[in-house]
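J.: predicted model and sequence below, questions to follow.
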Amino acid sequence: MAIGQLLGFFGAALALASRATAHGNPHQKPLTVPADAPWAVRHMAEEHHIADFDAGAFFQLHDYDGSGGWEAAEILKTYGFEDPSLANVGSEKRDEVLREVLDLLDGDGDGVVQRGEWEAFTSQGKTLPDFGLGPGHHWDMETEYEIHHWERYHDENTKMEDLVHPEDIEHFKKHDELEDEEARVAALDKLAIVEQNIPRKFRRD
């Protein structure tokens, strides 16, 4: 690994430690909930580290654009469909999740779950179904790594040589790949003409 990569590796680790401290408890650990707890409860515990919440809080957390309603993309995001872990889940499952959630919640059939519809649903003691897709990872790469690995195994005292878990190695490998791609794009942007983008028949060999 190059010097620059090592510095980037250690810098990212320090940033994660700072973020963990900023959360209020540098030794924060994931909440534990019963295995048979409703999916929404497990989701809030694993993805948000929140044990006590009401229907309004849950709705607002997952109204990502602040529009006052859950659109199709937001429903799928909450169930984790934007996360790489579900990359191999087919469109049939996506359609099933969306169809079932809308059937349960979308009273006026407009394709959007409004806050009032959600509160009416939960006031009857009902909750979101579990489709067997995991807890619903919907954070960015850094946050997912932090809440599911760093906070469980590391803290602000972690040294670079301690970052030897497969999850650590994979995470910083992704950092290297992103940095390499950014450098490649930046180099191409400096060229007036990118030879690789010219069809072969028009190139001068």
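T.: Received it, and whenever you're ready, just let me know what you need.
J.: can you get me a residue count around residue 130?
T.: The number of residues packed near residue 130 is 16, by other C-beta atoms under 10 Å. Yep, even glycine has a C-beta here, placed from its N, CA and C like the rest.
J.: that one touches residue 37, doesn't it?
T.: No - if you go by C-beta atoms under 8 Å, residue 130 and residue 37 don't touch, sitting 9.8 Å apart.
J.: which residues of the protein score low on pLDDT?
T.: Scanning the chain for pLDDT under 70 picks out 1-31, 139-158, 160-164, 166-169, 171-172, 175-178, 188, 191-196, 201-205.
J.: just the helices in it please.
T.: Per DSSP state H, the chain carries helices over the ranges 3-22, 39-43, 55-61, 72-78, 91-105, 115-122, 141-145, 151-153, 166-189.
J.: distance of the residue nearest to residue 37 when sequence neighbours are not counted relative to residue 58?
T.: Nearest residue to residue 37 in three dimensions, chain neighbours excluded: residue 45, at 7.8 Å (C-beta to C-beta, 6 or more residues apart in numbering). Relative to residue 58, residue 45 is positioned 12 Å away (C-beta to C-beta, to the nearest Å).
J.: look at those two and report which has more neighbours.
T.: Between residue 45 and residue 58, counted using other C-beta under 10 Å, residue 58 has the larger neighbour count: 21 against 18.
J.: ok, and the closest non-adjacent residue to that one?
T.: With C-beta to C-beta, 6+ apart, the residue lying closest to residue 58 is residue 40, at 6.3 Å.
J.: so what pairs up with residue 70 in the strands?
T.: Per DSSP bridges, the residues bridged to residue 70 are residue 113.
J.: right, and it touches residue 116 too?
T.: No - judged on C-beta under 8 Å, residue 70 makes no contact with residue 116 at a distance of 12.0 Å.
J.: what about the two, which has more around it?
T.: Higher neighbour count among residue 70 and residue 116: residue 70, with 27 against 13, using other C-beta under 10 Å.
J.: list the contacts for that one?
T.: Counting by C-beta atoms under 8 Å, 6 or more residues apart in numbering, residue 70 touches 59, 62-63, 78, 105, 112-113, 118.
J.: between these, which is nearest residue 53?
T.: For the contacts of residue 70, the minimum distance to residue 53 (C-beta to C-beta) is 10.0 Å, reached by residue 59.
J.: can you get me a residue count around the closest one?
T.: 21.
J.: what's the distance between it and residue 94?
T.: Taken as C-beta to C-beta, the span from residue 59 to residue 94 is 21 Å.
J.: residue 200 now?
T.: Following C-beta to C-beta, the distance that separates residue 200 from residue 94 is 38 Å.
J.: so which of the two has more stuff around it?
T.: Using other C-beta under 10 Å, the more surrounded residue of residue 200 and residue 94 is residue 94, with 17 against 6.
J.: pretty sure that one contacts residue 82?
T.: No - with contact defined as C-beta under 8 Å, residue 94 does not reach residue 82; the gap is 11.0 Å.
J.: spit out the residues that contact the two alike.
T.: residue 76.
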